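Chemist: Predicted coordinates and the sequence they were generated for:
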Amino acid sequence: MPHTIAEIARALGLSAEGALDLTITHAAEPASAGPDALAMATTPKYAAGLAQGQARAAMVWAGADWRAMGLQAAIFAPRPRWAMAGICEMLDPGYDFGGGVHPQAFIHPSAEIGADAQIGPFTSIGPRTKIGPGARIAANVTVAEDVVIGADVILHAGARIGARCVIGDRYIGQPNSVVGGCGFSFVTPEPSGAEDVRATLSGERLLRAQKWHRIQSLGAVRIGDDVELGANSSIDRGTIRDTVIGSGTKIDSVCQIGHNVQMGEDCMMCGMAGVAGSARIGNRVLLAGKVAVNDNIFIGDDVIVGGASRVYTNVPAGRTVLGDPATKLETQLEIRKVLRRLPRLSAHVAALQEAVFGKQSVKDKD
């Protein structure tokens, strides 16, 4: 649906100049923008691509000389990514979930479906489950028994919600996301080799044949409002107590949250990150891509964990950590500086050994 520059600026609370009656139909990168596109020239680096495109209007940074860029109109964005979120929401065509309940969906007679729900084909809603009003559920979704889901949820194709899970309003489950799978909990009749190593911190252990026995997951998963779970990500149900995800938390694709985890509000968990069982995560914690959090530890409020870090011990509130093992950012940067010097240091030590002990003696020691 076309919008004028004036309409967009007013909706986003931004200032605009030039031909405010110009209409645009979509957003585009500057180099590929046509005359009906709003070019996302939000920094000088991106604006350089305007010369290759045909954009008449662009979203630019505050104070940009838009006329020199050959534009007829401009919207000024002091915080470009925030403005981009608004324009993308405004121009998003959304998804076609159909109208009402598809005749090829299975809804158990005891399930309760809220008003204005849209449910796609081959979706199954289990016994005694309650789906809130305004739900949009795509094809091939499974919602098990005794589930409670709030208003205005979106479950994309292939999403799975396990038995007895409770999910708040405006939850988004991306394709093939799984809430409420069984926790990865197994035990052996006698102490396992892993238990021996953990207790002694030694590689020496008794080797014996062992068989794993599952510990059933009696808990479920409780998720607050405005949570998003990315494609192919999973949240395991708790062993005894529920796994909990606080309101406002956003979880990227290919993430794993283990059984009994307690995660706070407004956290962000980026792609391929994992949190092991019974870890406790505070509010507003950021786990960057490929971060691994050990089981049974605590990460305080407002912690930032840098990409590919391995968190083995508790992290106090407000700290930024990085590395394997994760340490304070400042400490880790010093460690990395030293690591870069190791080849030179090794050669220096070898030269000193040769000067003191002689070349042949150094070879004998090696």
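Modeler: That came through, no problem.

Chemist: Tell me which residues are up against stretch 39-50.
Modeler: Residues from elsewhere that reach stretch 39-50, judged by CB atoms under 8 Å, 6 or more residues apart in numbering: 27-31, 33, 53, 55, 57-61, 64, 69-71, 77, 80-81, 83-84, 87. C-beta here means a position set from N, CA and C on the backbone, and glycine is covered the same way.

Chemist: Okay, buried residues for that stretch please.
Modeler: 39, 40, 41, 42, 46, 47, 49, 50 (16 or more other CB atoms under 10 Å).

Chemist: ok, now stretch 14-33?
Modeler: 14, 16, 17, 18, 20, 22, 24, 27, 28, 29, 30, 33.

Chemist: So for that stretch, mean pLDDT?
Modeler: The average of the pLDDT scores along stretch 14-33 is 97.

Chemist: Tell me which stretches of the protein form helices.
Modeler: Secondary structure of the chain, counting by DSSP state H: helices at 5-12, 44-47, 80-91, 193-200, 329-357, 359-365.

Chemist: Of the ones you listed, which is nearest residue 158?
Modeler: For the helices of the chain, the distance to residue 158 is smallest for helix 80-91, at 23.9 Å, taking CB to CB.

Chemist: For that closest one, C-alpha coordinates in CSV please.
Modeler: The C-alpha trace of helix 80-91 is given here as CSV (Å, rounded to 0.1, in the frame of the first residue of the first chain):
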residue,chain,number,x,y,z
PRO,A,80,18.7,5.2,12.1
ARG,A,81,18.1,1.6,13.3
TRP,A,82,15.2,2.7,15.5
ALA,A,83,13.6,4.5,12.6
MET,A,84,14.3,1.5,10.4
ALA,A,85,12.3,-0.7,12.9
GLY,A,86,9.4,1.7,12.5
ILE,A,87,9.5,1.9,8.7
CYS,A,88,9.8,-1.9,8.4
GLU,A,89,6.8,-2.4,10.7
MET,A,90,4.8,0.1,8.7
LEU,A,91,5.6,-1.4,5.3
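
Chemist: That one packs against which elements?
Modeler: In terms of contacts (3 or more CB pairs under 8 Å, 6 or more residues apart in numbering; DSSP states H and E), helix 80-91 is packed against helix 5-12, strand 26-28, strand 37-41, strand 57-61, strand 73-77.

Chemist: Sheet-wise, list the partners of the second one with their directions.
Modeler: Using DSSP bridges, strand 26-28 pairs in its sheet with strand 37-41 (parallel).

Chemist: about what we covered before: output the helices and strands packed on helix 80-91 in JSON lines, with distance to residue 207 appended to each entry.
Modeler: Formatted as JSON lines, the helices and strands packed on helix 80-91 follow (distance: least, CB to CB, whole Å):
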{"stretch": "helix 5-12", "distance to residue 207": "65"}
{"stretch": "strand 26-28", "distance to residue 207": "61"}
{"stretch": "strand 37-41", "distance to residue 207": "60"}
{"stretch": "strand 57-61", "distance to residue 207": "64"}
{"stretch": "strand 73-77", "distance to residue 207": "63"}
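
Chemist: Spatially central residue in the protein, please.
Modeler: residue 252 (2.3 Å; CA atoms, centre = their mean).

Chemist: Might you report the residue contacts of that residue?
Modeler: Residue 252 touches 230, 233, 268, 269, 270, 271, 272, 273, 289, counting by CB under 8 Å, 6+ apart.

Chemist: hmm, 6 Å instead?
Modeler: Residue 252 is in contact with 230, 270, 271, counting by CB atoms under 6 Å, 6 or more residues apart in numbering.

Chemist: Of those, just say which sits nearest to residue 352.
Modeler: Closest to residue 352 out of the contacts of residue 252 is residue 270 (45.0 Å), distances taken as CB to CB.

Chemist: which one is the closest one nearest to, not counting chain neighbours?
Modeler: Once flanking residues are discounted, residue 270 sits nearest to residue 289: 4.3 Å by CB to CB, 6 or more residues apart in numbering.

Chemist: what's the distance between the one you found and residue 306?
Modeler: 9 Å (CB to CB, to the nearest Å).

Chemist: what's the overlap in contacts for the two?
Modeler: By CB under 6 Å, 6+ apart, no residue touches both residue 289 and residue 306.

Chemist: Now do residue 118 against residue 2, distance only.
Modeler: 26 Å.

Chemist: Which one of these two is surrounded by more residues?
Modeler: residue 118 (19 against 10; other CB atoms under 10 Å).

Chemist: didn't the more buried one look like it was pressed against residue 136?
Modeler: Yes - using CB atoms under 6 Å, residue 118 makes contact with residue 136 at a distance of 4.9 Å.

Chemist: Give the intersection of the neighbour lists for the two.
Modeler: With CB under 6 Å, 6+ apart as the test, residue 118 and residue 136 both reach residue 97.

Chemist: just how off-centre is stretch 179-199 within its chain?
Modeler: Centroid displacement of stretch 179-199 relative to its chain, using CA atoms, centre = their mean, to the nearest Å, is 27 Å.

Chemist: Can you list the buried residues in it?
Modeler: 179, 180, 183, 185, 192.

Chemist: how long is it end to end?
Modeler: Stretch 179-199 has an end-to-end distance of 33 Å (criterion: CA to CA, to the nearest Å).

Chemist: circling back: to what extent is the residue nearest to residue 270 buried, counted in neighbours?
Modeler: For residue 289, using other CB under 10 Å, the count is 16.
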